[in-house]
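Participant: I would like the atomic coordinates for the input below:
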Amino acid sequence: MKVVAAVISAFLVAVSLGRAQVVVIDPTSIANNQANHIVDLAKYVEMVNNQIKQITTMTQELQQVTAYVKAFGDPASLLNITGANQLVSSLKQTGIGQTLGQLQQSANGIQALEYTGNGLYTSLGSTFTTPGGTQVPRLEELYRKFGAVQQSSGNLQKVTTDVLSRRENLRNQIASTTSQLQASSTDAETQKLTGVLVGYNAELATVDHEIDNAAAEVAAQDVENRADADRQGQARREEREAQMEESSRRYGEVFQLETTPPNFSK
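Facilitator: Numbers count the residues shown, from 1 in each chain. Here you go, the predicted model:
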């Protein structure tokens, strides 16, 4: 009996060991894993498709930018615009005209006496001769106001010569810029050239005003001289009236009329 029990025990152990080495397969778990893998794969495909769409969109945008730059130009690349440097140089010029105050301060009476206006007038000289043959120097201060007018007139002539030269240069630059504008191939170049052209026209108008200002100084000085002549005349009339009144009073004090009646009894 012991032998039979031992055999049965050994058989049961062998069966138990055999069952432990058998692999157990779970169909449900496998199916779930495959489903999850398919979902992950679908998400990956969707992500790749989105990236492809983004790349396609960026490519189209880049193509649009490239086409825009080709059609309108890149403003940053247009560094040397025809006429721009010349315009800046012209804007920095201040002109040669002097202010009325400067002209008045530099007025010289001796120069005013010797002024001939390129042969139109006769020099008065700094002295004159009396009928008795005495040389008398002229009072230079009395002629400075005429020198101021002469200075203003000379300033006008200098400004006019300078302005005419600058105007000719500006007109040439306007013509050159206009030709460049007609040949421009991009919108950016056209806009920059248009800005330069506007600047040239504004500078031309400003330069023309320099002549107007110089002419106004001549007129202003002439008006001041005329006003001063009236002022001097008024002062002389006032002085003459005072002298006449004083002379009349003194005459009355010296030559008094006899008020007593004459006596003819003798």
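Participant: so where's this structure shaky on pLDDT?
Facilitator: Across the chain, the ranges flagged by pLDDT under 70 are 1-35, 37, 62-82, 254-266.
Participant: Walk me through the domains of it.
Facilitator: The chain breaks down into these domains under automatic domain parsing: 38-72, 80-251.
Participant: now those as CSV including mean neighbour count?
Facilitator: All C-beta atoms are positioned from the backbone trio N, CA, C, and that covers glycine. Compiled in CSV, those are given as follows (neighbours: other CB atoms under 10 Å):
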stretch, mean neighbour count
domain 38-72, 10
domain 80-251, 14
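Participant: in the stretch 101-250 of the chain, which spans are helices?
Facilitator: Per DSSP state H, counting those that start in this stretch, the stretch 101-250 of the chain carries helices over the ranges 109-114, 144-182, 187-254.
Participant: The longest one: how far from the chain's middle?
Facilitator: Centre-to-centre, helix 187-254 and its host chain are 29 Å apart (CA atoms, centre = their mean, to the nearest Å).
Participant: sorry, back to before: can you lay out the helices of the stretch 101-250 of the chain as a markdown table showing distance to residue 103?
Facilitator: As requested, the helices of the stretch 101-250 of the chain are exported to a markdown table (distance: least, CB to CB, whole Å):
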| stretch | distance to residue 103 |
| --- | --- |
| helix 109-114 | 12 |
| helix 144-182 | 4 |
| helix 187-254 | 7 |
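Participant: of those helices, which approaches residue 41 most closely?
Facilitator: Minimum separation from residue 41 across the helices of the stretch 101-250 of the chain (CB to CB) falls at helix 187-254, 50.2 Å.
Participant: quick one, the closest one and helix 144-182 angle?
Facilitator: On the basis of axes from the mean of the first three to the mean of the last three CA atoms, to 10 degrees, helix 187-254 is oriented at 170 degrees to helix 144-182.
Participant: which secondary structure elements does helix 187-254 contact?
Facilitator: Identification of packing neighbours for helix 187-254 by 3 or more CB pairs under 8 Å, 6 or more residues apart in numbering; DSSP states H and E yields helix 27-72, helix 84-91, helix 100-105, helix 144-182.
Participant: close enough to count as contact, residue 153 and residue 219?
Facilitator: No: between residue 153 and residue 219 there is no contact under CB atoms under 8 Å: 10.6 Å.
Participant: do you know how far the residue nearest to residue 123 when sequence neighbours are not counted is from residue 129?
Facilitator: Closest residue in space to residue 123, ignoring its immediate chain neighbours: residue 114 at 4.8 Å, by CB to CB, 6 or more residues apart in numbering. Noted for residue 114: a distance of 17 Å to residue 129, by CB to CB, to the nearest Å.
Participant: repeat for residue 52
Facilitator: For residue 52, the distance to residue 129 - CB to CB - is 111 Å.
Participant: next one: residue 139
Facilitator: Note on residue 139: its distance to residue 129, by CB to CB, is 16 Å.
Participant: Could you do residue 182 as well?
Facilitator: In terms of CB to CB, residue 182 sits 72 Å off from residue 129.
Participant: dump the residue contacts of the residue nearest the centre of the chain.
Facilitator: The residue lying closest to the centre of the chain (CA atoms, centre = their mean) is residue 91, at 7.5 Å. Going by CB atoms under 8 Å, 6 or more residues apart in numbering, residue 91 touches 199, 203.
Participant: try it again with 10 Å
Facilitator: 199, 200, 202, 203, 206 (CB atoms under 10 Å, 6 or more residues apart in numbering).
Participant: Turn those residues into a markdown table, columns for distance to residue 215.
Facilitator: Compiled in a markdown table, the contacts of residue 91 are given as follows (distance: CB to CB, whole Å):
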| residue | distance to residue 215 |
| --- | --- |
| 199 | 26 |
| 200 | 24 |
| 202 | 21 |
| 203 | 20 |
| 206 | 16 |
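Participant: so which of those residues comes closest to residue 124?
Facilitator: residue 206 (39.7 Å).
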